[in-house]
Each structure stands twice: as C-alpha cells, then as structure tokens.
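Engineer: Pasted the sequence and its predicted model underneath.
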Amino acid sequence: MDIRIDDLSGPEVKQILTEHLEDMFATSPAESVHALDLTGLKQPSVTFWTVWEDSQLLGCGALKVLDETHGEIKSMRTTSAARNKGVASTLLCHILDTAKQKGLNKISLETGSQDFFAPARKLYAKHAFSECGPFSNYKLDPHSVFMTRQI
C-alpha cells in the first residue's frame, strides 16, 4: 500500500468523495452531515491522503488541525473492493503518526450513531478512541458519536 498526500484533483478521488457524501446524506439528516466537500478538504488546515495499490485507489482520509494541540480525523473512506483488508487501520495509523509529528497530542472525530457507521466506530475503538462530548464547533446531536484519544 502506498499512502500519499493528495491534491484532490484526480477522478478516482472525486468519485470516492462523491460516494462518501452521498452515503452520509443517505444515512443522516442533512443538518447532521459533517463530511467535508472538496473545497473543505482543500483548506490549509487539512492534509488529505489517499491509499493506492498500483493504480487502484483503496481509500482516503484527512487530518484537520483544530489548534496547536488538537486535530480531527475527516473523510475516512475505503472503497468497497478494499474493505476488510486493513486499509483503514493502516491509514489511521499513518494519520496518528503524522499528527504526533506535528506536535498534536489529541485527536478527535465525529461519526454517525446509526448502524451504517458501526464498522467505523469499531475501527476507532480498536485504535484506542473512546466516546466523548462534542468538540470544536460541534453540538450534541443524536445522529453523531464523538470520539477522541491522546497521542
């Protein structure tokens, strides 16, 4: 697996992010969808990675720096063909390592509370994330689960 910083310009990347947003809006009310679009992912505070095997896109994920010590995981997605092959865990470890190198000591995330998001919550729990209250600009929402961990 090749993990690389991506400029979000390739058609495969646009496709996976389109699928991601479509799934988010299909499973959560619009006001509870916090996934970033292409413009949001191109902000200076965000680093976006893709995972490749040869020329096949396997997944993506991002780190948004919230302040000098706190970061947020955004846009974690694995292609359907790459699910259950360790892609998400590998990318998550890469993001956590990068966050630590940047001097961050806390990483948080928001995911859905619906059954659709159970695999994501399981992945994060496996990597020592635990549920917490809302952080940054988030508000309590029955459709959201907030998780965090120290690094």
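Structural biologist: That came through fine.

Engineer: Which helix runs longest in the chain?
Structural biologist: helix 11-27 (DSSP state H).

Engineer: tell me which residues in stretch 83-103 are buried?
Structural biologist: For stretch 83-103, a neighbour-count test (16 or more other Cβ atoms under 10 Å) marks 87, 88, 91, 92, 94, 95, 96, 98, 99 as buried. Placement of C-beta: from N, CA and C, glycine included.

Engineer: Just the local confidence number for the first one, please.
Structural biologist: By that I understand residue 87. The score at residue 87 is 96. That number is its pLDDT.

Engineer: In this structure it contacts residue 58, no?
Structural biologist: Yes: Residue 87 lies in contact with residue 58 (Cβ atoms under 8 Å); the separation is 4.7 Å.

Engineer: Next, show the common contact partners of those two.
Structural biologist: Shared contacts of residue 87 and residue 58 (Cβ atoms under 8 Å, 6 or more residues apart in numbering): 1, 51, 78.

Engineer: If any of those are buried, give me the PyMOL selection for them.
Structural biologist: In PyMOL, a selection of the buried entries from those looks like this (16+ other Cβ under 10 Å):
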select buried, resi 51+78
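
Engineer: Not counting the longest helix of the chain itself, show me its contacts.
Structural biologist: Contacts for helix 11-27 (Cβ under 8 Å, 6+ apart): 6, 8, 33, 35, 37-38, 41, 50, 57, 59-60, 75, 77, 79, 112, 114, 116-117.

Engineer: on that earlier part again, okay, and which of the buried residues of stretch 83-103 map to helices?
Structural biologist: Filtering the buried residues of stretch 83-103 for helices - DSSP H - leaves 87, 88, 91, 92, 94, 95, 96, 98, 99.

Engineer: All set now, cheers.
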